[in-house]
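Peer 1: Here you go, sequence then predicted model.
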Amino acid sequence: MMQSSSSSSSAFESTLDRVLTGSSSSTSISSVGQPSFVASSRFTGPMLGYVYRSIPGIGLGYHLDSTSSDATTLTLKPSRKRSLPEEEANDANDANDDVADEIPVGVSSVDLSSPAAVRSHARQLTRLYESNASLRADYLSSAPSRFMESELALHAALCPTSDLAADPSFYVHLIGAGGARTLAGCLEHDNVDLAAEAAGTWAGLMMDPDEVDDGDKDGGRDGRGGLERLAASFAEEGGAEASVRNLGRFQEEAERCTETGEAAAGAVASKALGDTLNLLENWTEVAKDLIIGDDERVDDSGSVIMEALIRVGPGLLSWLFLVLLPDIKNKKSGSGTPSPLTMRSSDLLANLLALAFTSPRHAPLCP
């Protein structure tokens, strides 16, 4: 999507650069010199003297421990390291699923230590997503405050989901319980913060295939297969289309925040843009392995992914060229250095071109 002006483009890329290099932070200092707020889109564990919550007008993160009538506190349990006996690597007893499903609405459990727990978490995500959608439909115009708590709960439930990347063989349980469909739906949420969190969750799950081991297939722990199943589900559930639309959405939001001076919101949007590019880059890496690779794992997943790539190819290529064109001009004039945005865009473009021209048995990505 075309940037509104050269100044906003420069400010936007500067904001993104700070986020991608880890130099951007958002804190507020209390009257006694102690930070009263530390922005954090994810619960990373307890912080002494602070409560993880979202307060309208301030944001989501760690707030100095105090009561507030307009704040909704979210209590989260820190995740546990996985230790799975082989016999649990396949389906667990359905009775265990039923017990695990008894999670209070608004509280996110991050116990992902068994297939049953993963399926339970997926179902909890879906319940929270559907509840929020219903409340939004009923109260969007008349009483928006009626659905805000449900959005906080959904946001909190999204946060720990990317912990599954510790064992991609568990992805099949997330997918089987409808989790991939719900995560794809969250990418299109009207609340840009929720959509940004969903983009970060997908980026955490969609790993570089070179970093994933095949695992113990005989024991039901096929990490590479789990990643390929996730990539196919991302395509089937509309995740690719939503992500390509979000490139423009997050870019516009970051530019708007730069113009209005909303630094914290702008950092969220810029990070979401980087996460979306990272997600699409790794997704296309999986596609390359399945479609033009030499391995013997190629199955229907490759065709499903290629069909999605053909659908989103023209729009994605258009966005990438608009981002890269200023960099190309700078190189011709011998000025400027590539930003993290353009570097990631270049890597994604290289994958798309490899898929388009290296595999003649598939239709090209663009007409």
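Peer 2: Okay, I see it.
Peer 1: Quick check: mean pLDDT of the one helix or strand W283 maps to?
Peer 2: Using DSSP states H and E, W283 sits in helix 263-291. For helix 263-291, the mean per-residue pLDDT is 91.
Peer 1: Which positions in the next helix or strand after that helix come out as buried?
Peer 2: Remark: after helix 263-291, the chain's next helix or strand is helix 300-333, criterion DSSP H and E. Buried residues in helix 300-333, defined by neighbour count with 16 or more other C-beta atoms under 10 Å: 301-302, 304-306, 308-313, 315-317, 319-320, 323-324, 326-327. C-beta coordinates here come from the backbone N, C-alpha and C atoms, glycine included.
Peer 1: Please apply the same query to stretch 179-197.
Peer 2: Result for stretch 179-197 [16+ other C-beta under 10 Å]: buried residues 179-189, 191-197.
Peer 1: E130: how many residues sit nearby?
Peer 2: Using other C-beta atoms under 10 Å, E130 is surrounded by 14 other residues.
Peer 1: ok, it to G315 distance?
Peer 2: 29 Å (C-beta to C-beta, to the nearest Å).
Peer 1: related to what we said a few turns ago, measure how the helix holding W283 sits relative to helix 300-333, angle-wise.
Peer 2: 120 degrees (axes from the mean of the first three to the mean of the last three C-alpha atoms, to 10 degrees).
Peer 1: Can you name every helix or strand that helix 263-291 contacts?
Peer 2: On a contact count with 3 or more C-beta pairs under 8 Å, 6 or more residues apart in numbering; DSSP states H and E, helix 263-291 meets helix 6-20, helix 192-205, helix 223-236, helix 239-260, helix 300-333, helix 340-357.
Peer 1: again, only using 10 Å
Peer 2: helix 6-20, strand 35-39, strand 59-64, helix 192-205, helix 223-236, helix 239-260, helix 300-333, helix 340-357 (3 or more C-beta pairs under 10 Å, 6 or more residues apart in numbering; DSSP states H and E).
Peer 1: any weak-confidence spans in the protein?
Peer 2: 1-34, 41-54, 56-57, 65-110, 214-221, 293-299, 327-338, 358-367 (pLDDT under 70).
Peer 1: phi, psi of E262?
Peer 2: As for E262, its main-chain torsions (degrees, to the nearest 10) stand at phi -90, psi 80.
Peer 1: In contact with it, which residues?
Peer 2: By C-beta atoms under 10 Å, 6 or more residues apart in numbering, the residues touching E262 are E253, A254, R256, V268, A269.
Peer 1: S162 too?
Peer 2: S162 touches R42, E197, G200, T201, W202, A203, G204, L205, M206, M207, counting by C-beta under 10 Å, 6+ apart.
Peer 1: Compute the number of surrounding residues for the third one.
Peer 2: Applying other C-beta under 10 Å, we find 24 other residues in the vicinity of G200.
Peer 1: Quick check, it in contact with L158.
Peer 2: Yes: between G200 and L158 a contact is recorded at 8.3 Å, counting by C-beta atoms under 10 Å.
Peer 1: now E285, nearest residue through space, not along the chain?
Peer 2: P209 (5.5 Å; C-beta to C-beta, 6 or more residues apart in numbering).
Peer 1: For the one you found, give me its contacts.
Peer 2: 168, 223-224, 227-228, 231, 282-283, 285-290, 293, 295.
Peer 1: which of these are buried?
Peer 2: 168, 223-224, 227-228, 231, 282-283, 285-290.
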